[in-house]
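Enquirer: quick one, what's the 3D model for this:
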Amino acid sequence: QVQLVESGGGSVQAGGSLSLSCAASGGAFGSYSMAWFRQAPGKKREVVAVISGGGDNTFYAGPAKGRFTISRDNAKNTVSLQMNRLRLEDTAVYYCAQGYYSNSYYNREADFDSWGQGTQVTVSS
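Expert: Numbers count the residues shown, from 1 in each chain. Model (predicted):
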């Protein structure tokens, strides 16, 4: 099974930017979709963005549209999330995940079978 390790979390003021990265080891990385999820305190984990195995299709949840960009480098087995214009409500633990499928259409938590340990993002006023 693939191992996923996130990095890049931290603290930022509202309106600022952060970039998260996830490195994958093992498995056929380019064959599967990758996603970023997040979980805020007291809330359920929710999808942020999904990218297809080939990187040619993406899905963004409402709060991420226009502010976040997901990308992947299949040669380096990495997936990234560029987050701009961060808001207080973006504060959460962010997880990268690998999907069962290649298509970015599948964006439910149950559609992903490998998860990283998470990285904290804190947005302050």
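Enquirer: tell me which helix or strand the residue positioned nearest the centre of the chain sits in.
Expert: A centroid search over the chain (CA atoms, centre = their mean) returns Trp36, at 1.9 Å, as the residue closest to the centre. With secondary structure defined by DSSP states H and E, Trp36 is part of strand 34-39.
Enquirer: that strand packs against which elements?
Expert: In terms of contact count using 3 or more CB pairs under 8 Å, 6 or more residues apart in numbering; DSSP states H and E, strand 34-39 is assigned the packing partners strand 18-25, strand 46-51, strand 68-73, strand 78-83, strand 92-99. In this view, the C-beta of every residue, glycine as well, is placed from N, C-alpha and C.
Enquirer: what about the closest residue to Arg72 other than its chain neighbours, how many residues nearby?
Expert: Nearest residue to Arg72, sequence neighbours excluded (CB to CB, 6 or more residues apart in numbering): Val79, at 4.4 Å. Each residue near Val79 was counted by other CB atoms under 10 Å, and the total is 30.
Enquirer: when you give positions from now on, start the count at 873
Expert: Fine by me, first position is 873 from now on; the one you just mentioned is Val951.
Enquirer: for Val951, what are its contacts?
Expert: 893-894, 896, 906, 908, 923, 942-945, 968 (CB atoms under 8 Å, 6 or more residues apart in numbering).
Enquirer: how about a cut-off of 6 Å?
Expert: The neighbourhood of Val951, defined by CB atoms under 6 Å, 6 or more residues apart in numbering, consists of 894, 906, 944, 968.
Enquirer: most neighbours among these, which one?
Expert: Met906 (32 neighbours).
Enquirer: wait, doesn't that residue sit right on Gly925?
Expert: No - with contacts defined as CB atoms under 6 Å, Met906 does not count as touching Gly925, sitting 8.0 Å away.
Enquirer: many thanks, we can stop here.
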